[in-house]
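Q: give me a model of this one.
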Amino acid sequence: MTIDQAADTREADDPRPAPVVLGPARHRGAYLEMLISAVIGLVAAFVLSVEALTLAADPFADLGCDINAVLSCGTVGQSWQASLLGFPNAYLGLIAEPVVITLAVAGLGGVRFPRWFMIAAQAVYLIGFLFAYWLFFQSFFVIGALCPWCLTITVTTTLVFASLTRINLLDGNFRLSASAYRTVSSWLRAGIDTLIVILVLAVLTAMIVIKYGSVLFGG
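A: Below is the predicted model:
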């Protein structure tokens, strides 16, 4: 019986069937992307944490990524947005990224996590994803400066969120109907999710270039 036939059989009994999937091996690329992105994100979070301690000791310290008036970790790091919860936001990355790394390594090893765990991971990472973009727009529109390490985390968070969403969609964890699952899975196999990520990152890049290009490139 094919996957589509199995899904059709389930649809007759359950209006929201769980699609039949092939197992973790199909997600090797997604888990590998999550692993690489999380490692890069962890490095960025560590650097930001060290810089936060440096700024706490000396608010006028000259940080390595204080390149010009636009690319300035110090300007962003001294804003209230950089410590929204009362401590440097980078500490959250030190907690979250090792979890993603563990999940990715286990996934690459063939571990199939239960649905409740993957849905919980998706929900928690959605919060992190929204938080990363809130910080980007705060830096872009309110603070008026960009932190290179923060931008790195914005990119890696986007990539991890996209890969985690892809895994949950293909594994049927969102309990889509059989017809919706077939449609979504065909889009994913065609690389629509990759195209969306590229477009999102291209828009962010264009925003930065249009607003700050003259400063960044000395025009």
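
Q: lowest-confidence helix or strand of this protein?
A: Lowest mean confidence among the helices and strands of the chain (mean pLDDT, DSSP states H and E): helix 3-13, at a mean of 45.

Q: and residue 173, that one's in a strand?
A: No - according to DSSP: H, G, I helix; E, B strand; the rest coil, the state of residue 173 is coil, so it is not within a strand.

Q: so how far is stretch 141-161 from its chain's centroid?
A: Remark: stretch 141-161 is offset 10 Å from the chain centroid, using Cα atoms, centre = their mean, to the nearest Å.

Q: try stretch 102-109
A: For stretch 102-109, the distance to the chain centre is 17 Å (Cα atoms, centre = their mean).

Q: report the buried residues of it.
A: 103-104, 107-108 (16 or more other Cβ atoms under 10 Å). Every C-beta, even on glycine, is put in place using the N, C-alpha and C of the backbone.

Q: residue 206: which of those residues is nearest?
A: Within the buried residues of stretch 102-109, the smallest distance to residue 206 is 29.9 Å, found for residue 104 (Cβ to Cβ).

Q: in the protein, which helix is the longest?
A: helix 28-57 (DSSP state H).

Q: average model confidence for that one?
A: The average of the pLDDT scores along helix 28-57 is 95.

Q: what comes up buried for that helix?
A: With burial defined by 16+ other Cβ under 10 Å, the residues of helix 28-57 counted as buried are 30-31, 33-35, 37-45, 47-49, 51-52, 54-55.

Q: just want the most central residue of this structure.
A: Nearest to the mean C-alpha position of the chain, by Cα atoms, centre = their mean, lies residue 157 at 2.1 Å.

Q: tell me which element that residue is part of?
A: Element membership for residue 157, per DSSP states H and E: helix 148-170.

Q: any idea how far the host helix or strand of residue 131 is from the chain center?
A: Using DSSP H and E, residue 131 maps to helix 115-137. The chain centroid and the centroid of helix 115-137 are separated by 8 Å under Cα atoms, centre = their mean.

Q: and it, what does it pack onto?
A: Here helix 115-137 touches helix 90-108, helix 148-170, going by 3 or more Cβ pairs under 8 Å, 6 or more residues apart in numbering; DSSP states H and E.

Q: return the list of helices and strands in contact with the shortest one.
A: Helix 90-108 is packed against helix 28-57, helix 115-137, helix 148-170, with contacts defined by 3+ Cβ pairs under 8 Å, 6+ apart.

Q: can you redo these as TSV with distance to residue 194?
A: Output for these, formatted as TSV (distance: least, Cβ to Cβ, whole Å):
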stretch	distance to residue 194
helix 28-57	10
helix 115-137	17
helix 148-170	8
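
Q: which one of the ones you listed lies closest to residue 76?
A: Ranking the helices and strands packed on helix 90-108 by distance to residue 76, with Cβ to Cβ as the measure, places helix 148-170 first at 6.3 Å.

Q: report the buried residues of that closest one.
A: 148-170.

Q: wait, isn't residue 121 in contact with residue 102?
A: No - under the criterion of Cβ atoms under 8 Å, residue 121 is not in contact with residue 102, lying 10.8 Å apart.

Q: tell me how far residue 96 lies from residue 199.
A: For residue 96, the distance to residue 199 (Cβ to Cβ, to the nearest Å) stands at 25 Å.

Q: same question for residue 39.
A: Taken as Cβ to Cβ, the span from residue 39 to residue 199 is 25 Å.

Q: more neighbours, residue 96 and residue 199?
A: A count of neighbours by other Cβ atoms under 10 Å puts residue 96 above the other of residue 96 and residue 199, at 20 against 10.
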